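Visitor: Fold the following and give me the result.
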Amino acid sequence: MNISLAVGAGVAVGAAGAVMLAPVVLTAAGFTSGGIAAGSVASWMMSSAAVANGGGVVTGGVVATLQSIGAAGLSAAGTTVVASVGGAVGCAVGGAIAEAISWFQ
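Guide: Got it, this is the predicted structure:
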């Protein structure tokens, strides 16, 4: 298997997959357009953040940022970051798969 092809495919699939799945994962975690869902991972995170910060959630913190994305979607910058991380993971996975396949050839 051509390692460049495997890595390139991994980058493309990783970047596109991450951008498509980010909103799905955030909604499943409880960061919804209507707010944080009761009894969800998001509500646990919000509660923990509030306790750690003396009763409030920090503006610009992880919970606030995830809720913003859950409510409004990814911004252009957010899409770029998510695609970059997904592409990097895809690159590593594609390279590892190509290397593993080469052992058996």
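Visitor: show me the contacts for Phe31.
Guide: Neighbouring residues of Phe31 by C-beta atoms under 8 Å, 6 or more residues apart in numbering: Ala37, Ala42, Leu66, Gln67, Ile69, Gly70, Ala71. Any C-beta I mention is one placed from the backbone N, CA and C, and that applies to glycine too.
Visitor: Pull the number of nearby residues for the fourth one.
Guide: Counted by other C-beta atoms under 10 Å, the residues lying close to Gln67 total 22.
Visitor: Give me the pLDDT value at it.
Guide: Gln67 carries a pLDDT value of 93.
Visitor: so it is in which element?
Guide: Under the criterion of DSSP states H and E, Gln67 resides in helix 62-72.
Visitor: Identify the residues contacting that helix?
Guide: Here helix 62-72 makes contact (C-beta under 8 Å, 6+ apart) with 22-23, 26-27, 29, 31-33, 35-36, 42, 45-46, 49, 57-58, 78.
Visitor: And for stretch 41-50?
Guide: So stretch 41-50 is contacted by 29-31, 36-37, 56-58, 61-63, 66-67, 70 (C-beta under 8 Å, 6+ apart).
Visitor: So which residues of this protein form strands?
Guide: 31-32, 35-36 (DSSP state E).
Visitor: can you list the ones you listed in CSV and add mean pLDDT?
Guide: As requested, the strands of the chain are arranged in CSV below (pLDDT from 0 to 100):
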stretch, mean pLDDT
strand 31-32, 94
strand 35-36, 93
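Visitor: Between those strands, which one is closest to Val13.
Guide: For those, proximity to Val13 was assessed by C-beta to C-beta; strand 31-32 is nearest, at 24.5 Å.
Visitor: quick one: strands adjacent to the closest one?
Guide: strand 35-36 (antiparallel) (DSSP bridges).
Visitor: buried sites along the helix holding Gln67?
Guide: Val63, Leu66, Gln67, Ile69, Gly70 (16 or more other C-beta atoms under 10 Å).
Visitor: go on, stretch 19-37?
Guide: Buried residues in stretch 19-37 (16+ other C-beta under 10 Å): Val19, Ala22, Pro23, Leu26, Ala29, Gly30, Phe31, Thr32, Ile36, Ala37.
Visitor: Alright, calling it a day.
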